[in-house]
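>>> Build me a model from this:
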Amino acid sequence: MNRRDMMIFVLILILAVFLRFFHLGSLPIGLTWDEAAIGYSGFGIMSVHRDEWLNKMPIVFKSFGDYKAAVAIYADAITTWMFGLDTFGIRFPMAVAGVITTATSYWLGLFLFKEKKYAFLLMGLLAVSPLNIHYSRMAFESGIAVMLVTIGFTLLFYAQKKTALYFPAAFSLVLSLYAYHSTKIGVPLFLFVYVLVFWNIIKKQIGIIGLAGLFGAVLLFPLAKEMMYGNAAARFAMTSVISTPAELKPLPEVVSIIGENYAKHFNFSFLLQGKTPIYRHGNNVFGILSLVEFVLMCASIISCMQKETRKKFWWIPIFILVAIFPAAISDDAPHSNRAHIIIPWIQMLAVMGYIYVEKFFPKKAFFFGVVTLLLIQTAWYARIYQRVYTYDSARDFQYGYKEAVLYAKSQEGKVDKVLLTSAYGQPYIYVLLYKKLTPIEYQQGALANYEIRDLKWDQDKNRKNALIIGTPWEIPANADHIVKEIHYPDGEVAFRIVKQ
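Below you'll find the model as predicted:
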């Protein structure tokens, strides 16, 4: 890179860092139970080398019985040790992953499109991608998996000229399988398409590729063993809509379900507005595509009708369909988190559209116009994001648990029992997290003075020498001995606390 190119690269990277790290510890406000579980499991690994169930250094984490992938948890083990067991430390690896994905996309774009301008455009689209920003600011596993897949395929492309890169490519792609469940389906399908596209090159390098494949197989063995004989496959059985616990559904029914779920992912309300019942998966204003990306993607579909474009890039739309497949065979479709591995391929399709459309305009003016629209759109997105994830999303991010647990901790020596409602889901993980109890302490009875269940106020109001933490519909506003109320940012009551 010359000095000018380096300046552009750094500016785009600064933008990516700002969008992913600005108020990371408080925006979104609160912490979902999955984030809390990932952070606590990382704390357990660092403190006693065990998860909350005392499994030593597992590669699949039982957690709530949903068997979480390992990479994000081990990353959190490091960052919560460095920055503390708090929201910033828990989300830090995912934000870093988003920035690295953005940086890597430059070299991916340079290889595929051959011009720095298009590589910078791909990088810029990644930097401001609503989907990637969204999952870079939450401690979900998918962001790290997207980073590893992007790095892996970028190395694969460059390995065509420098074969030694096949080994780090294999390492990155195998590690992505440990990072998120969707990649266990998506990456093998990506590789199948990749082999079809570049077979003429691959067959000349089959020896070194075979060695890299063997290296990857050795790395994959523990996970393969866990999937065959352990609990990793349980996740698929829990979330799949194409099978029952005992058997696969009939083929016509499977095809119908997959077709319907694909259609849901291409619905405009999902693509452009991110319509979702829970704010963990979208803000209900921006979808998995920004408006600029969508327009350019539509242009790319037209460009694919040209023989030259179709010959070089026919596989990119197929990669996008493959990326959606794990979400299409699972429940809760459409599902932006499970479809997150659509990045960076959807941005590559947008760059194809840009290359097609710029032929009809003065190139400099068109580039300036697209960049201006992206910046305006990003400013709008940032404003919407700050509002939604400060106010609207508080309930979906279990806001209030931290204040409730810390208050309970301050009162433990003054009461015989802390009675904590389970109405909001998985309260025990927040107690473990904010009390910083190790898994060994937890399993040895450190929560013996806590009673966690749904409240029955007619009975519980008669408890003596107890601290009772409940929801506003469990503890009435006129209850005796209310010592504290915890409010959502919009002013509504999240918890009422009674001491009696």
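>>> Low-confidence regions, the chain specifically.
Scanning the chain for pLDDT under 70 picks out 228-240, 243-247.
>>> all strands in it, in order from the N-terminus.
For the chain, applying DSSP state E gives strands covering 60-61, 68-69, 417-420, 450-452, 466-470, 482-487, 493-499.
>>> Tell me the strands beside the fourth one, with direction?
Looking back up the chat, that one is strand 450-452. Note on strand 450-452: by DSSP bridges, its sheet partners are strand 417-420 (parallel).
>>> could you dump the strands of the chain to a markdown table with mean neighbour count?
All C-beta atoms are positioned from the backbone trio N, CA, C, and that covers glycine. Shown next, in a markdown table, are these (neighbours: other Cβ atoms under 10 Å):
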| stretch | mean neighbour count |
| --- | --- |
| strand 60-61 | 24 |
| strand 68-69 | 24 |
| strand 417-420 | 21 |
| strand 450-452 | 17 |
| strand 466-470 | 24 |
| strand 482-487 | 15 |
| strand 493-499 | 21 |
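>>> I'd like the ones you listed as JSON lines, with distance to Ala77 appended.
Output for the strands of the chain, formatted as JSON lines (distance: least, Cβ to Cβ, whole Å):
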{"stretch": "strand 60-61", "distance to Ala77": "11"}
{"stretch": "strand 68-69", "distance to Ala77": "13"}
{"stretch": "strand 417-420", "distance to Ala77": "27"}
{"stretch": "strand 450-452", "distance to Ala77": "25"}
{"stretch": "strand 466-470", "distance to Ala77": "29"}
{"stretch": "strand 482-487", "distance to Ala77": "30"}
{"stretch": "strand 493-499", "distance to Ala77": "30"}
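>>> Tell me which residues touch Ala446, please.
By Cβ atoms under 8 Å, 6 or more residues apart in numbering, Ala446 lies in contact with Lys435, Leu437.
>>> and it, how far is that from Glu52?
Plainly put, Ala446 is 12 Å away from Glu52 if you go by Cβ to Cβ, to the nearest Å.
>>> shared neighbours of these two, anything?
Between them, Ala446 and Glu52 share no contacting residue, judged by Cβ under 8 Å, 6+ apart.
>>> pretty sure Met348 is touching Ile318, no?
No: counting by Cβ atoms under 8 Å, Met348 sits too far from Ile318 to count as a contact (12.0 Å).
>>> Which of those two has more residues huddled nearby?
Set side by side, Met348 and Ile318 show more neighbours around Met348, with 25 against 16, by other Cβ atoms under 10 Å.
>>> Tell me the spatial nearest neighbour of Val405, not counting adjacent residues.
In this structure, Val405 finds its nearest non-sequential neighbour in Tyr434, 4.2 Å apart by Cβ to Cβ, 6 or more residues apart in numbering.
>>> my read: that neighbour touches Leu406, true?
Yes: using Cβ under 8 Å, Tyr434 is in contact with Leu406, at 5.8 Å.
>>> Which one of the two is surrounded by more residues?
Tyr434 (21 against 11).
>>> separation between that one and Phe43?
11 Å.
>>> got it, and Thr87?
From Thr87 over to Phe43 the distance is 13 Å, taken as Cβ to Cβ.
>>> Please apply the same query to Ser303.
For Ser303 relative to Phe43 (Cβ to Cβ), the value is 49 Å.
>>> These two - which one has more neighbours?
Phe43 (26 against 21).
>>> counting contacts, what elements does the longest helix along the chain pack onto?
Criterion DSSP state H: the longest helix present in the chain is helix 87-113. Helix 87-113 is packed against helix 3-21, helix 33-48, helix 71-83, helix 116-127, helix 130-136, helix 142-159, helix 345-357, with contacts defined by 3 or more Cβ pairs under 8 Å, 6 or more residues apart in numbering; DSSP states H and E.
>>> Most tightly packed of those?
helix 130-136 (a mean of 27; mean count of other Cβ atoms under 10 Å).
>>> List the contacts of that helix.
Under Cβ under 8 Å, 6+ apart, the answer for helix 130-136 is 19-20, 94-95, 97-99, 101-102, 126, 142-143, 146, 274, 282-283, 286-290, 336-337, 340, 342-343, 381, 385.
>>> Run through the residues that contact Ser182.
Counted by Cβ under 8 Å, 6+ apart, Ser182 has contacts Ser142, Ala145, Pro326, Ala327, Arg338, Ala339, His340, Ile341.
>>> Kindly report the same for Val99.
Leu13, Ala16, Val17, Arg20, Ser136.
>>> ditto for Asp490
Tyr391, Ala394.
>>> Now the phi/psi pair for it, please.
Note on Asp490: its backbone torsions stand at phi -80, psi 0 [degrees, to the nearest 10].
>>> mind checking how far it is from Ala448?
Counting by Cβ to Cβ, the gap from Asp490 to Ala448 is 36 Å.
>>> and if you look at Tyr67?
28 Å.
>>> Mind checking which of the two has more residues around it?
Higher neighbour count among Tyr67 and Ala448: Tyr67, with 21 against 8, using other Cβ under 10 Å.
>>> wouldn't the more buried one be in contact with Pro58 here?
No: between Tyr67 and Pro58 there is no contact under Cβ under 8 Å: 9.6 Å.
>>> So for Lys249, what's the nearest residue that isn't a sequence neighbour?
The nearest residue in space to Lys249 (Cβ to Cβ, 6+ apart) is Ile242, at 5.7 Å.
>>> quick one: contacts for that neighbour?
Ile242 neighbours (Cβ under 8 Å, 6+ apart): Leu248, Lys249, Val254, Ile257, Ile258, Ile329.
>>> now, which of these sits nearest Ser172?
Ile329 (24.6 Å; Cβ to Cβ).
>>> neighbours of that closest one, just the number please.
Applying other Cβ under 10 Å, we find 21 residues neighbouring Ile329.
>>> just the one 4 residues further on next, same as before
A count of nearby residues for Ala333, using other Cβ under 10 Å, gives 21.
>>> Pull the distance from stretch 48-57 to the chain's centre.
Relative to the centre of its chain, stretch 48-57 is centred 23 Å away, using Cα atoms, centre = their mean, to the nearest Å.
>>> Identify each buried residue in it, please.
Arg50, Asp51, Glu52, Asn55 (16 or more other Cβ atoms under 10 Å).
>>> from those, which single one is nearest Gln500?
Relative to Gln500, and with distances defined as Cβ to Cβ, the nearest of the buried residues of stretch 48-57 is Glu52, at 31.2 Å.
>>> what about Ile78, distance to Glu358?
Taken as Cβ to Cβ, the span from Ile78 to Glu358 is 44 Å.
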